[in-house]
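1. here's a sequence, model it:
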Amino acid sequence: RQNGSVSVAQLAATQLAPAAVASGSDQQHSYAPWGLSIVAASSLMLATAAADGKVTVTTPSGKEVVVNTPSSGQWAVNVKSASTGAVEVPKLEGPVQLLPPPYPLNALEPHMSQETLEYHWGKHQRTYADSLNKQLAGNDKLGAALAKGGLEGLVVAAWNSGKPVPAFNNAAQVYNHQLFWASMKPGGGGAPQGALASAIERDFKGGLAGLKAELRAAGTGQFGSGWAWLCADDEGNLRVMRTANAVTPLVSGWSPLLVIDVWEHAYYLDFRNRRLDFINAFLDSLVDWGAAEARYAAAVTTTAAQ
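-> All right, here's what the predicted structure looks like:
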């Protein structure tokens with residue numbers, strides 16, 4: 001059916017059983033190991049299956065994704081959306097605006113879908129920003145903190161020396177999300193360079209592999225909602241930190257260099273409950289080491305000036 005519902009793909013290999021209908025969205029397509037089916041919002045997507053168990057999915061825009069059939073159970077693969085991923089930025093009522101990610105909403109596919117960005121940035125982060133603007137209305141003290149120190153200054157002021165005022169959660173969540181988007185880029189991953197690479201070798205046993213292991217442990221070890229951070233401490237040394245809910249290293253006087261969002265809504269559409277798989281995708285294919293290097297240089301400069 002072509003009205004936003006299921007289109008059943010034809011299998012090329014006679015050794016596989018007939019296809020079965022499965023559900024999904026126009027970014028995510030679910031399959032079973034003995035057959036496959038595809039959901040397309042507007043046009044039929046073509047899939048072929050070879051005798052070796054590999055399945056090739058071709059999107060309406062011509063992108064091909066090759067995946068391996070698992071031994072049992074169901075699995076899913078994300079394919080790049082045919083949409084342009086253009087970002088439409090709403091104008092909010094208040095001083096805090098919804099800053100867009102520094103790339104189109106589909107630019108992180110297949111590792112993070114456009115649908116995830118639409119919900120995570122367009123709905124979750126917007127709610128934090130809208131709520132914060134309401135809390136700032138008529139609050140001269142917090143308004144002054146925002147005007148003087150920007151969003152970071154507002155977060156620290158709302159933390160109130162460990163006795164956070166109601167605006168803290170929303171202020172911190174706006175900050176945390178802005179850094180999360182800026183911690184990634186299309187075609188990310190690889191290895192850091194320059195001073196950051198040297199600092200990683202200095203501060204983590206095993207160098208980059210050791211840092212990644214600590215970030216995985218921080219992200220998977222955070223019970224419930226939270227964040228896994230790479231920071232520079234107040235002496236310029238690199239540290240991994242995990243925080244719950246909205247808490248940010250800013251309140252400890254540390255400089256965040258990059259962050260992984262491990263709230264469930266950050267990854268559930270793409271990875272379901274597989275948090276470790278999401279963290280691995282971030283570290284292997286999404287992380288922007290160049291941006292982290294620039295933040296590290298700024299943090300070291302600030303530390304030296306103090």
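2. residue ranges with poor pLDDT in this structure?
-> The model of the chain has pLDDT under 70 over residues 1-83.
3. same thing but 90
-> 1-87, 301-306 (pLDDT under 90).
4. okay, strands next: where are they in it?
-> 6-7, 28-32, 35-36, 38-39, 46-49, 54-58, 64-68, 75-78, 226-232, 238-244, 255-261 (DSSP state E).
5. any figure for the gap between Ala244 and Lys148?
-> Look at Ala244 and Lys148: by C-beta to C-beta, to the nearest Å, they are 28 Å apart. (C-beta placed from N, C-alpha, C; glycine too.)
6. next one: stretch 149-164 to chain centre, how far?
-> Per C-alpha atoms, centre = their mean, to the nearest Å, the displacement of stretch 149-164 from the mean C-alpha position of its chain is 24 Å.
7. wait, stretch 201-221
-> From the chain centre to the centre of stretch 201-221 is a distance of 19 Å (C-alpha atoms, centre = their mean).
8. residues in contact with it?
-> Outside stretch 201-221, the residues that touch it by C-beta atoms under 8 Å, 6 or more residues apart in numbering are 191-192, 197, 200, 228-230, 237-242, 260, 262, 275-276, 279-280, 283.
9. can you flag the buried ones in these?
-> Neighbour counting with 16 or more other C-beta atoms under 10 Å marks 192, 197, 200, 228-230, 238-242, 260, 262, 275, 279-280, 283 as buried within these.
10. what about the closest residue to Ala232 other than its chain neighbours, how many neighbours?
-> Nearest residue to Ala232 in three dimensions, chain neighbours excluded: Ala299, at 4.0 Å (C-beta to C-beta, 6 or more residues apart in numbering). Ala299 sits with 20 neighbouring residues when counted by other C-beta atoms under 10 Å.
11. one more: Ser252?
-> Going by other C-beta under 10 Å, the residues that sit close to Ser252 add up to 14.
12. next, give phi and psi for Gly253.
-> Backbone torsions for Gly253, taken as degrees, to the nearest 10, come to phi 80, psi 10.
13. please name the residues that touch the nearest residue to it once chain neighbours are set aside.
-> Distances taken as C-beta to C-beta, 6+ apart place Asp234 nearest to Gly253, at 5.0 Å, with adjacent residues excluded. Contacts for Asp234 (C-beta under 8 Å, 6+ apart) come out as Gly253, Trp254, Thr303.
14. can you lay out the residues you listed as JSON lines showing distance to Tyr119 and neighbour count?
-> Formatted as JSON lines, these follow (distance: C-beta to C-beta, whole Å; neighbours: other C-beta atoms under 10 Å):
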{"residue": "Gly253", "distance to Tyr119": "33", "neighbour count": "10"}
{"residue": "Trp254", "distance to Tyr119": "30", "neighbour count": "18"}
{"residue": "Thr303", "distance to Tyr119": "37", "neighbour count": "15"}
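15. need these in CSV (columns: distance to Gly85).
-> Formatted as CSV, the contacts of Asp234 follow (distance: C-beta to C-beta, whole Å):
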residue, distance to Gly85
Gly253, 37
Trp254, 33
Thr303, 38
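16. so where do the helices sit in this protein?
-> 114-119, 126-136, 140-159, 167-182, 194-203, 207-221, 268-271, 275-281, 289-305 (DSSP state H).
17. give me the distance between the closest residue in space to Glu235 that isn't next to it in sequence and Ala294.
-> Excluding its sequence neighbours, the residue lying closest to Glu235 (C-beta to C-beta, 6+ apart) is Thr303, at 6.7 Å. Counting by C-beta to C-beta, the separation of Thr303 from Ala294 is 15 Å.
18. grab the nearest non-local neighbour of Ala172.
-> Ala246 is the one closest to Ala172 (C-beta to C-beta, 6+ apart), at 4.0 Å.
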